[in-house]
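**Q** Need the 3D shape of this:
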Amino acid sequence: MNIKIKKIYNYFQKKIETLSDLCKINKDWNKKTILEKTGINKKRISKSNETIQDLIKGLKKKYKNISELHKCGLMVLVTQTPHSTIPSNIHLFQKIFKIKHSAIAFDINQGCSGYLYGLATANSLMQKFKINSAAIITCDTYSKFISKNNRSCRTVFGDALTLTIVEKTNKKHFIDFMLGSDCSGFDNFKLESNEIKMNGSEMYNFARQSVPSEVEKILKKTKLKKENIKFFIFHQASKLILETLQKSIGVPKEKLFININEIGNTTSSSIPLAIQSLMTKKKIKKNDILLLSGFGVGYSWGTCLYKY
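**A** Modelled structure (predicted):
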């Protein structure tokens with residue numbers, strides 16, 4: 001059995017925070033220098049009293065009723081900023097959408113590679129249990145755990161939710177997955193005393209060193225070439241990281257997807273938001289191949305080749 005991406009939904013909170021806003025608070029910040037590195041001019045963030053529960057409720061209000069959800073035999077929610085520890089947040093999602101049928105449902109605590117882990121998990125479990133359709137939800141409210149004077153994080157992270165519906169199909173769309181992790185970056189990105197702390201230079205070095213080799217491995221494994229790829233969709237970490245990967249891997253500028261200017265780094269939601277943008281703008285057509293690459297906290301990483 002094979003599966004494909006049927007549709008992607010999204011939701012952003014209404015509150016907008018701009019780089020100009022932050023520079024007014026932090027007089028010693030240089031807007032031009034920061035913008036050159038991040039490429040992020042503004043992003044959507046949550047209010048201090050909001051959690052992913054509010055993102056889920058916002059999604060329901062925006063789309064009213066998402067009929068596909070009531071047919072999903074598998075539901076996976078990816079988050080590192082849960083509304084609750086017990087019970088799992090996917091059950092909160094089911095409650096808000098009034099999903100009453102039985103389904104395999106659980107959370108995945110993973111960061112910027114989380115969407116790839118969700119897709120790979122769905123791909124395996126749908127085949128194992130002969131499930132016709134599944135839902136993969138990504139949602140985080142990182143901004144709640146970043147103070148306004150935390151330059152390395154506050155200038156980068158935005159909040160968002162995505163919902164991806166995948167369904168059974170006869171054609172092979174997911175060509176291959178490669179996932180991995182180690183603990184070498186354990187101390188370089190973590191939540192301490194209710195504040196996210198990031199060693200930006202080490203996170204940059206990790207991406208610069210690991211992602212090109214993972215791209216090379218999956219292309220070699222599948223006997224594909226860079227020329228066969230329509231778009232390279234890397235986790236939207238920052239302008240600096242994306243441009244570094246472009247040069248290192250040798251990606252033509254027109255094949256590199258970037259959309260961080262007005263939404264920021266939305267962690268596990270960045271890749272599905274990118275795919276949705278390409279689908280909505282009709283920039284991809286049947287049989288186009290996308291290379292998806294997520295990387296971050298842990299360290300962890302995931303790469304996937306998907307035929308549209």
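
**Q** what's the helix or strand for residue 187?
**A** Mapping residue 187 onto the secondary structure by DSSP states H and E places it in no helix or strand at all.

**Q** Counting neighbours, what do you get for it?
**A** Using other C-beta atoms under 10 Å, residue 187 has 11 other residues around it. Every C-beta, even on glycine, is put in place using the N, C-alpha and C of the backbone.

**Q** For it, give me its contacts.
**A** Residue 187 makes contact with residue 199, according to C-beta atoms under 8 Å, 6 or more residues apart in numbering.

**Q** repeat for residue 53
**A** Contact partners of residue 53, counting by C-beta under 8 Å, 6+ apart, are 83, 92, 96.

**Q** Looking at these, which are in strands?
**A** Counted as lying in strands by DSSP state E, out of the contacts of residue 53, is not a single one.

**Q** For the nearest residue to residue 109 once chain neighbours are set aside, give me phi and psi.
**A** Counting by C-beta to C-beta, 6 or more residues apart in numbering, residue 109 lies nearest to residue 80, which is 5.8 Å off, once chain neighbours are set aside. Here the main-chain torsion angles of residue 80 (degrees, to the nearest 10) amount to phi -120, psi 0.

**Q** now swap in residue 114 and tell me
**A** Summarising the backbone geometry of residue 114 under the convention degrees, to the nearest 10, its torsions are phi -60, psi -40.

**Q** Settle this for me: it is touching residue 121, isn't it.
**A** No - with contact defined as C-beta atoms under 8 Å, residue 114 does not reach residue 121; the gap is 10.2 Å.

**Q** Give me the local confidence score for the residue nearest to residue 109.
**A** The model reports residue 80 with a pLDDT of 98.

**Q** roughly how far apart are it and residue 40?
**A** Applying C-beta to C-beta, to the nearest Å, one obtains 20 Å for the distance of residue 80 from residue 40.

**Q** Thought residue 116 was touching residue 174, still the case?
**A** No - here residue 174 lies out of contact with residue 116, judged by C-beta under 8 Å, at a distance of 10.7 Å.

**Q** what touches both of the two?
**A** Shared contacts of residue 174 and residue 116, counting by C-beta under 8 Å, 6+ apart, come down to residue 304.

**Q** how about the helices in the chain?
**A** In the chain, the helices defined using DSSP state H lie at 19-25, 31-38, 52-63, 89-96, 114-128, 151-154, 200-222, 239-249, 270-280.

**Q** Identify whichever of these lies nearest to residue 141.
**A** Taking C-beta to C-beta as the measure, these were each checked against residue 141, and helix 52-63 came out nearest at 5.8 Å.

**Q** Would you map out the domains in this structure?
**A** Described in terms of automatic domain parsing, the domain architecture of the chain consists of the residue ranges 2-169, 174-307.

**Q** what number of residues lie near residue 288?
**A** Around residue 288 there are 15 other residues, counting by other C-beta under 10 Å.

**Q** Tell me how far the residue lying closest to residue 7 once chain neighbours are set aside lies from residue 147.
**A** Using C-beta to C-beta, 6+ apart and skipping the chain neighbours, the partner closest in space to residue 7 is residue 165 (4.9 Å). In this structure, residue 165 and residue 147 are 36 Å apart, going by C-beta to C-beta.

**Q** do the same with residue 102
**A** The spacing between residue 102 and residue 147, counted by C-beta to C-beta, is 43 Å.

**Q** Check residue 2 too.
**A** Distance from residue 2 to residue 147, counting by C-beta to C-beta: 46 Å.
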